[in-house]
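Chemist: Any chance you can model this:
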Amino acid sequence: MRIGFDDIRRNQRKTWLLIFLFFFLMSLIGLVVGYFVNSLIVGLVITTIIGIIYTLIVFKSGDKMIMGINGAKPVTKQEYPHLYHTVEGLAIAAGLPTTPKCYVIKDSALNAFATGKDPEHASIAVTTGLLEKMNRQELEGVIAHEMSHIKNHDIKVMMLAAVLVGAITLLSQFLLRMFLYGGGKGGKRDSGNATIIFIIAGLVLAILSPIIAEMIKLAISRKREYMADANGALLTRYPPGLASALRKIKDDPDPLVDHANKAAAHLYISVPFRNRKAGLFATHPPIEERIRRLEQM
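Modeler: Sure thing, here's the model as predicted:
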């Protein structure tokens, strides 16, 4: 279960796959939009330019976007010395090239997440509730879990999934509204069967794009949590610490992180909403199973 080069290479492949799928869906949306502005090329060019600019922005400042959306604020060592010392110590133990930046979310819920484009540009955010209610070994377990995501390059895939999935969802909603509020106008209304086909294809795409985006996100979410649990426990050499932390998180009476965004929910160590039921669209494996596996280590 240790992090290896195969895991890192696998995540690199997932990164390129996410980018390809993003541009593929953007191109389909561009074709539909282009048809209704009387130029498929114009539609493709517009969505391609938007896609390129958006991808560059994600790689440049996607972590800051995610931190801002989730209400995370950067903190200093003077403000939270215990958090900083824990992060610094585990970063050294994990062999990271630099110490991740520390962020805090002022919220009573018990949760944390990591993000960034690579181990050299990583950040870890924790809630104030987690800092207040976890003992030293439990906090180390949680931070080690997030450190494993960083070392394994999970954070790049997770960050891309969060931001690109959000973009696809917004564009698909725009496309759906275009059809619902007069998208058929523009000289193509009476052009025959081709118009009907494009309208149907556009509506299907507008409805299915966010679902496809969610499925992409789920495909990279569940297994990585088990891996990060195992590698985090190995990093601290004390599996009961993380198991105890997960038990407290499971029993949290109010797990809702107020600023948590659905597109970024898979980043957190546990689902940041009140409804944590496992199902087809669950971003995390059952927390009871995660605890059981840690207790068997």
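Chemist: give me phi/psi at P97?
Modeler: P97 adopts backbone torsions of phi -70, psi -30, taken as degrees, to the nearest 10.
Chemist: Count residues in the vicinity of it, would you?
Modeler: 10 (other Cβ atoms under 10 Å). C-betas here are computed from N, CA, C, even on glycine.
Chemist: neighbours around the closest residue to it other than its chain neighbours, how many?
Modeler: Nearest non-adjacent residue to P97, counting by Cβ to Cβ, 6 or more residues apart in numbering: E120, 5.3 Å away. The tally of other residues near E120 (other Cβ under 10 Å) stands at 11.
Chemist: what do you get for the one 10 residues further on?
Modeler: Around L130 sit 27 other residues, with neighbours defined as other Cβ under 10 Å.
Chemist: thought it was touching N111?
Modeler: Yes - counting by Cβ atoms under 8 Å, L130 touches N111, with 6.2 Å between them.
Chemist: ok, the residue nearest to P97 touching T98?
Modeler: Yes - using Cβ under 8 Å, E120 makes contact with T98 at a distance of 5.5 Å.
Chemist: returning to what we had before: relative to Y268, how far out is the residue nearest to P97?
Modeler: Remark: distance between E120 and Y268 (Cβ to Cβ, to the nearest Å) = 23 Å.
Chemist: Going along the chain, name the strands of the protein.
Modeler: 72-74, 101-105, 112-118, 121-127 (DSSP state E).
Chemist: Would you reformat the ones you listed as a markdown table and include mean neighbour count and distance to L171?
Modeler: Formatted as a markdown table, the strands of the chain follow (neighbours: other Cβ atoms under 10 Å; distance: least, Cβ to Cβ, whole Å):
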| stretch | mean neighbour count | distance to L171 |
| --- | --- | --- |
| strand 72-74 | 17 | 26 |
| strand 101-105 | 22 | 28 |
| strand 112-118 | 24 | 22 |
| strand 121-127 | 25 | 27 |
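Chemist: lowest-confidence stretch among those?
Modeler: Among these, strand 112-118 has the lowest mean pLDDT, at a mean of 92.
Chemist: That one vs strand 121-127, what angle?
Modeler: 170 degrees (axes from the mean of the first three to the mean of the last three Cα atoms, to 10 degrees).
Chemist: What are the contacting residues of strand 112-118?
Modeler: 59, 62-63, 66-67, 70, 100, 122-127, 130, 142-143, 145-147, 149-150, 153, 155-156, 158-159, 162, 264, 267-269 (Cβ atoms under 8 Å, 6 or more residues apart in numbering).
Chemist: Where in the protein is the helix or strand with the lowest mean pLDDT?
Modeler: helix 193-219 (a mean of 65; mean pLDDT, DSSP states H and E).
Chemist: Name the nearest residue to G43, ignoring sequence neighbours.
Modeler: G34 (2.0 Å).
Chemist: so where's the stretch 51-200 of the chain uncertain?
Modeler: 166, 169, 175-176, 178-199 (pLDDT under 70).
Chemist: The same query, at a cut-off of 50, please.
Modeler: Low-confidence regions of the stretch 51-200 of the chain, defined by pLDDT under 50, span residues 185-190.
Chemist: Report the contact partners of A72.
Modeler: For A72, the contact set (Cβ under 8 Å, 6+ apart) comprises 103-105, 125.
Chemist: let's see it at 6 Å
Modeler: By Cβ atoms under 6 Å, 6 or more residues apart in numbering, the residues touching A72 are 103, 105, 125.
Chemist: Distance to F273 added to the residues you listed, as TSV?
Modeler: Below are the contacts of A72 laid out as TSV (distance: Cβ to Cβ, whole Å):
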residue	distance to F273
Y103	20
I105	14
A125	17
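Chemist: how about the helices of the stretch 151-297 of the chain, start to end?
Modeler: 154-180, 193-219, 222-236, 239-250, 287-295 (DSSP state H, counting those that start in this stretch).
Chemist: Convert the C-alpha atoms of the last one to CSV, please.
Modeler: Presented in CSV, the C-alpha positions along helix 287-295 are these (Å, rounded to 0.1, in the frame of the first residue of the first chain):
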residue,chain,number,x,y,z
ILE,A,287,-16.1,5.8,7.0
GLU,A,288,-16.9,2.6,9.1
GLU,A,289,-15.0,0.6,6.5
ARG,A,290,-12.0,3.0,6.6
ILE,A,291,-11.9,2.7,10.4
ARG,A,292,-12.1,-1.1,10.2
ARG,A,293,-9.2,-1.3,7.7
LEU,A,294,-7.0,0.9,9.9
GLU,A,295,-7.8,-1.2,13.0
